[in-house]
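# Here is my input, please return the structure:
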Amino acid sequence: MSDSTVNTISFEKYLSLLRDMAPATVDLYACDAAGGLIAADDRNANNTPAGNNIIESAALSGLPFRHGEALLVPGDNERYLIPVCDIHEEPVGYLLAIVNDSSELRHESVVGLINHSFPAIVSCIENEYHLTDELDAMARELVGRYEELNLVYETTDEITDFGNEGHTLTNLIEKYIEHLDVDMIALAFPQQERVFSATNGSAPIPEAYDTIHNLCRTYAAQTENIRTFLLINDFTDLQRDEYQLRAPCKIMACPVLNNRGAVNGLLICMNHIHRPDFFNSDKNLLQVMSKKIAKIVQSNYDTLTGLINQHAFENVIQDAINRSHSKGLFHCLLNIDLDKLKVVNETLGRDAGDYIIKSTADLIQNKLRNADTVSYLGEGRYGALLEQCSVEQGMQVAESLRKLIDETVFTWESGPVETSITIGVALIEPHTHAIDDVLEAVEMARDAAKELGHNRIQLYRHNDDDLAMRKDHLHWVTRIQQALRHDEFTIYCQTICPVAPASEAYHFEILLRMVDTDGSIIPPGKFIPPAERFNLMPIIDRWVINRTFVLLSSAGIAQVPGEGIVSINLSGQSLADPELTSYIIDNTERYRIAPDCICFEITETTAIRDIKSAQNIFKQLKSMGCKLSLDDFGTGLSSFSYLKDMPVDYLKIDGSFVRNILADRVSLAMVSSINHVGHVMALKTIAEYVESDELARQLKYIGVDYLQGYAIAKPVDLRDYISGMRSSASAYAG
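Have a look, this model is predicted:
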C-alpha cells in the first residue's frame, strides 16, 4: 500500500478518542511508515516536535514490532509505538504516545491505555485503511467504465419536465438499471410515501414491493444513524430476519441523503436469487448513483413535502413562457398561501405546522391533473402551474382548491386544526415576456387577497387599479429601504407662527423628504402611503427622531428647557411599538435634548382608531416632559367626546376646514367651535394650511393661537432654517 492512502485517513478522530482516555501528561501523534508526522492531538499541538519526522526512520527499521502490540522505544521520554499494518502485516504507519510525567501513577495509566485502548483503535484504523484501499481499487476499475460514469456525471441537475410525477427520476433509474444489469431498481422516499421503480423486463420478483416497504420501515430508520450499505446475497443471511425481508432475491441498498446529511430516501437494487452475487464494484457504483440522485433531489425537491422547490419551479414556469411564445398557449399560475400557519406553529408547535404543510401539499397535488405542476415555495406557500388553462378555468380550479382546504378537517393530537388558503392567480400569455413579471403579478394578487381577509382568491389583471397601485407601492418599498440604507432622506421644517407675542424663541414642525438620485426632492405623498401599507413607518419614525435630535444638538437648539417647540409627527404604526418611548428617552439623553422642547403629533384619526394605545403612549411621553399635539382635529365623528381623555397641549385644526372658512359657513363654524373648546380646555390651537393673508386675518379674528401654511412660511431644509435663526439672532444682537 502507498503512503498516500495513509494520508487519506482522518487520524484526528482516532486521536480524539484516545485523548478522552489518556492522562493529560501524554502527547498523542500519528505518523507514516517513515516516521513523518500525519496528525497530532489538539491539546499537544504546541508540543509537536520540530521538523517533518517525529521518529527517525533509521530508528524504526531496527525495532522488533509485532502486529497488534505496542513497543516501548528507547529515548529521553517514554515513547510507545504501535504499528498500523496492511493486510500483509507490514507497518504503513504508527500511533505514538509520549509520556511527559513518568510518575508511577501516570505510568500505570499509560500502560493500561497502551494495552487496552491502542490495539482497538489501531484495529479500527486498519479496517478503514483496508476499505480505503479496496475503494481505491474500485475507483480504478470505474475509470475503465466510461459510459457508466458519463451516465452519472452528465445527468443534469436542472429539471424542467415535470409533466408527469417523478418523470425525471423515473427516467434516471431506468438508465441506471441498464448499466447495473439488475432485475429491479427502486428509489423510495419513506417520508413522502413515494416509490419510483424500474425493471429490466425479466420475470417480476416475488414480494418486491413488500421488500421495499419493509426496508423503508426498518433499514431506513437505522440508517439515520449508521448510514451504511446493505448487501445481502445469501438467502440464509441473518439480516433478512432483521429487516423482515421474505422475498427470494438478492438485495443491495444505500441511503440517499438530504442537504442536512439526514436520510431522505433509499436506492434499492434487487436480483433474482439465481443471478450472480452483488460485488463491491456494484456497491461503489450504487454509492455514486445515490450521491447523484441526492444532488438532484436537494437541488430540485423540498424534503418535507416531496414537491419541487422554488428553484425548480421557476425553470418550469420559464419553460411554460417559452412554449406560450412559440405555440400561442395560455397557462395559469397560482400562488397559494397557507393561512394561520404562524398561529399553528406558535400554539401547537413546529411538528403540527409541518403536518399541515405536508397534508395540504398532498391535497393540492391530488386535486390537480398529472400535467399540472405543484411546488412548495417555503413558509407555507405553494405554486401551481396549470397547463393550457384559460383564466376562467384557472379561477374554477383555484376555487375548488380553496373550498377543499376550507372544508378539510385536519387533526393534530386528537384535536381539530382550522386552516384555509389564499390564492393569487395570474395568466401566462403569448405576450408574457419575463418570468419576473408573472411572478410579481401572482404575488401581488395573493397579497391583495390576504389584505381583504384571507381564504379568498384574487386574479391579477393588467388594468386593475388596486393592483397597479400595489405594484407602485412595492417599487416604493424598495426605494424606501434603499433611502434608509444610504441616508437618502432629509429633514425639512415649517414655521408654526404665534398670533400673539410668545415667550418661545421658535416653534416649527419637522417634515420628511426623500432625495432622488438626481438630487431633486421627493414629497412625502409619494413614499408615505406605501410605507404605511407595508409597515415601514416605525423605522422611518425612529430615523426622523434620531436625525432631528442630531441636527438640533449640533446646532445647540432645544437643549434649554422652555426655549422653544420642535414638533415631530408619529405614525399610527409607531403607537404599537413598545420600545418607542425607551428609544426617545435614549436619544434625548444622548443628544442632551430638553424634553419640553419636543412636541409629538398624532393625527386624530390614528388616535381614534387605537385610542388605548394613543392614551398609553401619550401618558408615557407626557411623563417624560414632552408636549403633545392632536393633528387634523375635527375629522373624527366624535372628536370632542374623547378629547378630555387625551393629555394634549395643542389642537391642530384640520386643514380641510381651515382653507374653506372664507367661503363656507359650516367650515367657519367648525373652526370657531374647535378653537373655543380648545381654549375652554386650556389648549393652544393651531390652524394649518393657511395659504393667504386674508385667511390669516380671519383666523386671527377667530382667536386661533398659531398659524401654519404657505402664507406664513414655506417648508425649508432644517439646516437652512437653523442658519436663518442664527442670522436673525445675530442681527437682533447687533
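# May I have the residues that are in contact with the nearest residue to Gly378 once chain neighbours are set aside?
Nearest residue to Gly378, sequence neighbours excluded (C-beta to C-beta, 6 or more residues apart in numbering): Gln310, at 6.6 Å. Placement of C-beta: from N, CA and C, glycine included. Contact analysis of Gln310 by C-beta atoms under 8 Å, 6 or more residues apart in numbering lists 375, 377-378, 383.
# Same question for Ile82.
68-71, 94-95, 114, 118-119, 122.
# before we move on, what about Leu718?
If you count contacts by C-beta under 8 Å, 6+ apart, then Leu718 has 491-493, 510, 548, 551 around it.
# So what does it have for phi and psi?
phi -60, psi -40 (degrees, to the nearest 10).
# For the closest residue to it other than its chain neighbours, name its beta-bridge partners.
Closest residue to Leu718 apart from its sequence neighbours, by C-beta to C-beta, 6+ apart: Ile491 at 4.4 Å. Beta bridges link Ile491 to Leu512 when assigned by DSSP bridges.
# Can you verify my assumption that Phe630 contacts Asp654?
Slight slip there: residue 630 is Leu, not Phe. No: at 10.2 Å, Leu630 does not count as touching Asp654 under the criterion of C-beta atoms under 8 Å.
# Common neighbours of those two, please.
By C-beta under 8 Å, 6+ apart, the residues touching both Leu630 and Asp654 are Glu604.
# Give the residue from these two that has the larger number of neighbours.
The neighbour count for Leu630 versus Asp654, taken as other C-beta atoms under 10 Å, is higher for Leu630 (28 against 25).
# which residues touch Glu694?
So Glu694 contacts Leu662 (C-beta under 8 Å, 6+ apart).
# Pull out the buried positions in the helix or strand containing it.
Assessed by DSSP states H and E, Glu694 sits inside helix 693-702. Buried residues in helix 693-702, counted by 16 or more other C-beta atoms under 10 Å: 695-696, 698-699, 702.
# For Pro190, see how far away Arg66 is.
48 Å (C-beta to C-beta, to the nearest Å).
# which stretches of the stretch 301-450 of the chain form helices?
310-327, 341-348, 350-367, 391-407, 435-451 (DSSP state H, counting those that start in this stretch).
# Among these, single out whichever gets nearest to Thr588.
helix 341-348 (35.7 Å; C-beta to C-beta).
# The residue nearest to Leu718 is in contact with Met514, isn't it?
No: the criterion here is C-beta under 8 Å, and Ile491 misses it with Met514 at 11.2 Å.
# now stretch 502-514, how far from the chain's geometric center?
Centroid separation between stretch 502-514 and its chain, computed with C-alpha atoms, centre = their mean, to the nearest Å, is 42 Å.
# right, I mislabeled it, should have said stretch 696-711
54 Å.
# Now do that stretch: everything it contacts.
Contacts for stretch 696-711 (C-beta under 8 Å, 6+ apart): 494-500, 507, 509, 650, 652-653, 655, 658, 661-662, 668, 671-672, 675, 679, 684-693, 695, 712.
# Of the residues you listed, which belong to strands?
Within the contacts of stretch 696-711, residues falling in strands by DSSP state E are 494-495, 497-498, 507, 509, 650, 652-653, 684-687.
# Among those residues, which one has the most neighbours?
Ala687 (32 neighbours).
# buried residues in stretch 87-95?
Quick answer for stretch 87-95 (16+ other C-beta under 10 Å): 91-95.
# okay, it in CSV with CA atoms only?
In CSV, the C-alpha atoms belonging to stretch 87-95 read as follows (Å, rounded to 0.1, in the frame of the first residue of the first chain):
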residue,chain,number,x,y,z
ILE,A,87,-3.1,-6.9,5.0
HIS,A,88,0.4,-8.4,4.8
GLU,A,89,1.1,-7.1,8.4
GLU,A,90,3.7,-4.7,7.1
PRO,A,91,3.7,-1.3,9.0
VAL,A,92,2.3,1.6,7.0
GLY,A,93,2.1,4.0,9.9
TYR,A,94,2.2,4.3,13.7
LEU,A,95,0.4,5.6,16.7
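# Right, I'll leave it there.
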